[in-house]
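>>> Show me the folded form of this:
(one chain, ligands or ions: 2)
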Amino acid sequence: MTRATVFGSGSWGTAYAAILADAGCDVTIWSRRPEVADEINSTRRNGGYLPDLQLPDAVRATADPREAAEGAQVAVLAVPSQTLRDNLAQWGDAIGDDAYVVSLMKGIELGTTRRMSEVIAEAASVDPERIVVVSGPNLAREIAAKQPAAAVVASTNAMARARVAEASATPYFRPYTNGDVVGVEIGGAVKNVIALAVGMAKGMGMGDNTMASLLTRGLAETARFGIRLGADPQTFLGLAGVGDLVATCASPLSRNYTFGFKLGQGQTLEEVQASTKQTAEGVKSCRSILELATSVGAEVPIVENVAAVVFEGRRPADVVEQLMSRSRKHERS
Ligand SMILES: NC(=O)C1=CN([C@@H]2O[C@H](COP(=O)(O)OP(=O)(O)OC[C@H]3O[C@@H](n4cnc5c(N)ncnc54)[C@H](OP(=O)(O)O)[C@@H]3O)[C@@H](O)[C@H]2O)C=CC1
Ligand SMILES: O=C(CO)COP(=O)(O)O
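Residues are numbered from 1 along each chain as shown. Ligands and ions are numbered 1, 2, ... in the order given. Okay, here's the model as predicted:
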């Protein structure tokens, strides 16, 4: 039986722990708050994040990272992208040298512009051949309700991706393997920013043509940018590209879409931030994505305009005008 640890007991960490248990693993969750670990152990629920999910008996929790990581062959990381480096500094050394380290995170680090697999390799000295990235159209609430979904399990190491895919396969969660870690991580990070843009448009009362236009042009800029970093263009047509973009941009369950929607309705950044406890990765990552894209000479106008709203206080309505008045060009330029 595979021993797995999930670091992070938020929405996706908790839902992923259930996937692993349903796939036959013995799972320990690390919660940073002891009361969350106690609640999971005594009620088999994590009411603050996924109140409707009854966790399988094979899942237990602890607030002690070393106890959580003990003997784990698979260590899953599900904390916010911007805290990952600090988290790993605290307990990264608890992860065994032979464990596969799985990133569920969809962001780019501020300041360094590192992808999450790069942060893991640097901050916890993990061999990149042991790092696996899981991404795709996986809204935690739907997965927790055991609604069927597919995902991509990416690693440069064929054995690592096969092993993690096997440990995560259930009747409602179907993993596909992929060797393109860069493309999978870029798709996952940029779609959050495009979902903020779509949310803003919807919040301003715009309809499906606007949504589809933003989504399609968003995919174009994601691919343009990812290819400059060495990604396989085909990855953006897959689950970590189109798949996740569609799920996130079309769902009120998405924190990024909802965040953008509230901005579009006229709430201030501070008001929206105060109303949401959960992680909307695109809000911070739009800045690091813009910086990384600029450094490789990739034009990312939607990301740039979302960053102008979030970091410069521009109004969403001004951004729409700006995007619509850009110089005309070939669709594939
Ligand atoms: N939710 C989803 O549907 C999906 C999310 N993802 C990605 O997974 C990653 C995690 O997301 P998700 O689980 O949804 O996030 P949540 O906001 O739901 O949970 C974050 C978790 O990280 C913990 N945490 C640990 N250290 C810190 C810290 N220093 N500051 C804040 N929180 C900390 C939180 O603890 P505490 O409870 O004590 O605050 C909580 O358990 C993100 O990158 C997200 O993009 C990917 C696919 C689906
Ligand atoms: O990544 C996700 C779905 O695949 C979750 O999106 P949000 O973080 O916007 O909720």
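
>>> use CA for all of it now, contacts and neighbours both
OK.

>>> nearest spatial neighbour of the residue nearest to the spatial centre of the chain, skipping sequence neighbours?
With distances taken as Cα atoms, centre = their mean, Lys106 lies nearest the centre of the chain, 2.7 Å away. Among residues not flanking Lys106 along the chain, Ala189 sits closest, at 4.6 Å (Cα to Cα, 6 or more residues apart in numbering).

>>> how close does that neighbour sit to Ala23?
Ala189 sits 27 Å away from Ala23, taking Cα to Cα, to the nearest Å as the criterion.

>>> before we move on, what about Gly226?
32 Å.

>>> which of these two has more neighbours?
Remark: of Gly226 and Ala23, Gly226 carries more neighbours, 25 against 18, as counted by other Cα atoms under 10 Å.

>>> Which pLDDT value goes with the more buried one?
Here, the pLDDT recorded for Gly226 equals 98.

>>> and what of Lys277?
Lys277 is assigned 87 on the pLDDT scale.

>>> any idea which helix or strand carries it?
For Lys277, there is no helix or strand it lies in under DSSP states H and E.

>>> Can you give me the neighbour number for the closest residue in space to Val296 that isn't next to it in sequence?
Leaving aside its sequence neighbours, Val296 sits nearest to Arg228 (Cα to Cα, 6+ apart; 6.4 Å). Arg228 has 13 neighbours, counted by other Cα under 10 Å.

>>> related to what we said a few turns ago, how far away is the residue nearest to the centre of the chain from Leu88?
Note on Lys106: its distance to Leu88, by Cα to Cα, is 17 Å.

>>> Ala231 now?
Distance from Ala231 to Leu88, by Cα to Cα: 26 Å.

>>> Can you give me the neighbour number for the nearest residue to Gln147 once chain neighbours are set aside?
Leaving aside its sequence neighbours, Gln147 sits nearest to Tyr172 (Cα to Cα, 6+ apart; 6.0 Å). Residues lying near Tyr172 (other Cα under 10 Å) number 16.

>>> Then Arg332?
Under the criterion other Cα under 10 Å, the count of neighbours that Arg332 has is 6.

>>> where do the strands sit along the stretch 201-333 of the chain?
Ranges of strands in the stretch 201-333 of the chain, per DSSP state E, counting those that start in this stretch: none exist.

>>> helices or strands up against the lowest-mean-pLDDT helix or strand in the chain?
The weakest-scoring helix or strand in the chain, judged by mean pLDDT, DSSP states H and E, is helix 316-324 (a mean of 89). Packing contacts for helix 316-324, counted by 3 or more Cα pairs under 8 Å, 6 or more residues apart in numbering; DSSP states H and E, involve helix 255-264, helix 301-312.

>>> Buried residues in that helix, which are they?
Neighbour-count burial for helix 316-324, counted by 16 or more other Cα atoms under 10 Å, picks out Pro316, Val319, Val320.

>>> ok, and what's touching it?
Met200, Ala201, Met204, Leu263, Gly264, Pro301, Ile302, Asn305, Val306, Val309 (Cα atoms under 8 Å, 6 or more residues apart in numbering).
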